[in-house]
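quick one: sequence and predicted model below, then my questions.
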Amino acid sequence: MKRAGTRSNRKDGARITPLLLAWYDTNARDLPWRAKGGKRAKPYHVWLSEIMLQQTVVKAVIPYFETFIARFPTIDDLARAERDEVLRLWAGLGYYSRARNLHACAQRVVEEHRGQFPKTIEGLKKLPGIGVYTAGAIAAIAFGKPEAAIDGNVERVMARLYAIDVPVAEAKSFIREKTEALIPEDRPGDFAQALMDLGATICIPKAPRCAQCPLTKQCKAHKANEATLFPVRVAKKAKPQKYGAAFVVRRKDGAMLLVDRPDKGLLGGMTGVPTSEWVETPFDEALLIDSAPVKARWKKHDQPVVHVFTHFSLTLTIYVAEIVQNVALKAPYRWSSANGPEGEALPTLFRKVIKAVS
């Protein structure tokens with residue numbers, strides 16, 4: 001991987017950027033957070049969508065975005081909402097620290113910035129949940145600043161465009177240098193979204209659609225017929241396996257025993273069914289009495305639930321019990337309504353547990 005001089009970077013911008021923008025003008029995805037008719041997107045919409053899109057695909061995000069905008073049309077509405085409602089609406093989208101930061105960020109913008117997002121990278125990065133990429137995306141798309149928004153899609157495009165022969169983790173500064181050199185002064189927001197769209201729809205990971213790409217003549221990986229060899233990959237380590245037990249307790253009137261999880265840690269601030277600790281050895285039934293949230297006659301469910309998180313895979317053995325008489329509970333335990341846990345801020349893991357025994 002060779003460093004390129006300023007002259008080379010300017011040359012790249014002159015020959016690559018117009019082609020990319022011309023392609024984008026015809027092929028841009030129609031997304032609900034994007035502005036129409038040449039207008040600039042609302043900062044609130046850009047920020048909300050970018051937070052939701054972190055480690056989540058567009059198809060999954062669209063209905064959540066539309067739900068949030070319908071319920072919270074402005075950032076002031078979001079800031080005034082109860083956090084529990086925000087978490088309930090977020091349930092199922094995953095990576096729940098994003099929802100907590102989303103609410104905290106909205107409150108900070110309203111309280112400290114009069115409801116207006118800072119227009120600089122430095123100001124944006126001081127807000128909860130906004131890192132380098134998100135700050136760059138907001139600055140470029142919402143405020144027309146010549147800033148780079150470099151996510152995994154963009155890294156893949158650039159790695160192929162320049163046939164970068166080292167893993168992305170070792171080439172981040174080079175990728176940033178080359179990306180920044182391509183940003184046009186007059187259309188930085190369109191450029192950022194064009195690169196995103198190219199990576200998401202054409203320069204895809206396993207089977208890039210090179211025949212449809214506007215940059216094939218400039219792409220070094222394509223010229224060498226080696227597009228699928230880039231980005232250079234590092235062998236992935238096997239995900240650790242963890243185990244535990246989940247306890248589904250129903251009251252005679254239909255209420256279900258729930259637990260409000262602490263803010264810190266995985267699934268922080270969300271609601272779930274009680275579980276044991278998650279450990280590296282299969283759940284030992286001898287620990288059932290100590291792990292169970294209440295005294296009950298437990299029945300082991302036939303099939304465990306398996307759920308894959310980013311950093312490990314979890315297997316939960318499910319135990320079911322029905323309680324005829326009411327049981328006094330202490331926080332963080334509580335009963336759902338008589339209709340069950342419908343409407344609660346339940347992550348996908350606990351929805352799977354409940355569905356398994358329904």
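Received, thanks.

buried sites along the helix or strand of the chain with the lowest mean pLDDT?
Sorted by mean pLDDT, DSSP states H and E, the helices and strands of the chain end with helix 6-27, the least confident at a mean of 86. By neighbour count with 16 or more other CB atoms under 10 Å, helix 6-27 contains the buried residues Asp12, Gly13, Ile16, Thr17, Leu19, Leu20, Leu21, Trp23, Tyr24. Any C-beta I mention is one placed from the backbone N, CA and C, and that applies to glycine too.

now Glu322: which helix or strand?
Here Glu322 sits within strand 313-323, counting by DSSP states H and E.

in this structure, where is pLDDT below threshold?
1-8, 10 (pLDDT under 70).

would you list every one of the strands in it?
241-251, 257-260, 271-272, 299-300, 305-308, 313-323, 333-335 (DSSP state E).

who does the second one pair up with?
According to DSSP bridges, strand 257-260 forms sheet pairs with strand 271-272 (antiparallel), strand 333-335 (antiparallel).

now do that strand: everything it contacts.
Residues outside strand 257-260 that contact it (CB atoms under 8 Å, 6 or more residues apart in numbering) are 247-251, 271-274, 293-294, 329, 331-336, 341, 344.

give me that answer again for 7 Å
249, 271-274, 293-294, 332-336, 341, 344 (CB atoms under 7 Å, 6 or more residues apart in numbering).

which of the residues you listed lies closest to Lys300?
Val249 (14.0 Å; CB to CB).

the closest one contacts Ala296, doesn't it?
Yes: the pair Val249 and Ala296 passes the contact test of CB atoms under 7 Å, sitting 6.4 Å apart.

mind checking how far the closest residue to Gly129 other than its chain neighbours is from Ile354?
Spatial nearest neighbour of Gly129, excluding adjacent residues (CB to CB, 6 or more residues apart in numbering): Asn101 at 2.9 Å. Going from Asn101 to Ile354 by CB to CB, to the nearest Å gives 27 Å.

with Leu31 instead?
From Leu31 to Ile354 the distance is 32 Å (CB to CB).

out of those two, which sits in the busier spot?
Ile354 (19 against 16; other CB atoms under 10 Å).

check contacts around the more buried one.
Here Ile354 is in contact with Val248, Val273, Pro341 (criterion: CB under 7 Å, 6+ apart).

circling back to that earlier point, of the buried residues of helix 6-27, which is the nearest to Gly152?
Leu20 (17.9 Å).

excluding its backbone neighbours, what's nearest that closest one?
Ala194 (5.0 Å).

domain-wise, how is the chain divided?
Here the domain parsing of the chain from automatic domain parsing is 6-229, 241-357.

Ala235: which of these is closest?
Among the domains of the chain, domain 6-229 sits nearest to Ala235 (CB to CB), with 10.4 Å.

chain center to the closest one, what's the gap?
The chain centre lies 12 Å from the centre of domain 6-229; the measure is CA atoms, centre = their mean, to the nearest Å.

how about the contacts made by Cys210?
Thr216, His222, Ala227.

ok, now Ser97?
Counting by CB under 7 Å, 6+ apart, the residues that Ser97 touches are Gly268.

measure it to Leu258 for me?
20 Å.

where do the helices sit along the stretch 201-350 of the chain?
Remark: helices assigned in the stretch 201-350 of the chain by DSSP state H, counting those that start in this stretch are 220-223, 288-291, 348-357.

in TSV, list the ones you listed along with distance to Glu155.
Putting the helices of the stretch 201-350 of the chain into TSV (distance: least, CB to CB, whole Å) gives the following:
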stretch	distance to Glu155
helix 220-223	13
helix 288-291	43
helix 348-357	27
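
closest to Tyr44 out of those?
Taking the helices of the stretch 201-350 of the chain one by one with CB to CB, helix 348-357 is closest: 26.7 Å.

next, the angle from the closest one to strand 313-323.
Calculated by axes from the mean of the first three to the mean of the last three CA atoms, to 10 degrees, helix 348-357 forms an angle of 50 degrees with strand 313-323.

single out the most deeply packed of the strands paired with strand 257-260.
Across those, averaging neighbours per residue (mean count of other CB atoms under 10 Å) puts strand 271-272 on top, at a mean of 22.

tell me which residues of stretch 121-132 come out buried.
Buried residues in stretch 121-132 (16+ other CB under 10 Å): Ile121, Leu124, Leu127, Gly129, Ile130.

over to stretch 177-186?
Here stretch 177-186 shows Lys178, Thr179, Ala181, Leu182, Ile183 as buried, counting by 16+ other CB under 10 Å.

neighbouring contacts of that stretch?
So stretch 177-186 is in contact with 4, 9, 12-13, 16-17, 146, 148, 150, 154, 158, 162, 191, going by CB under 7 Å, 6+ apart.
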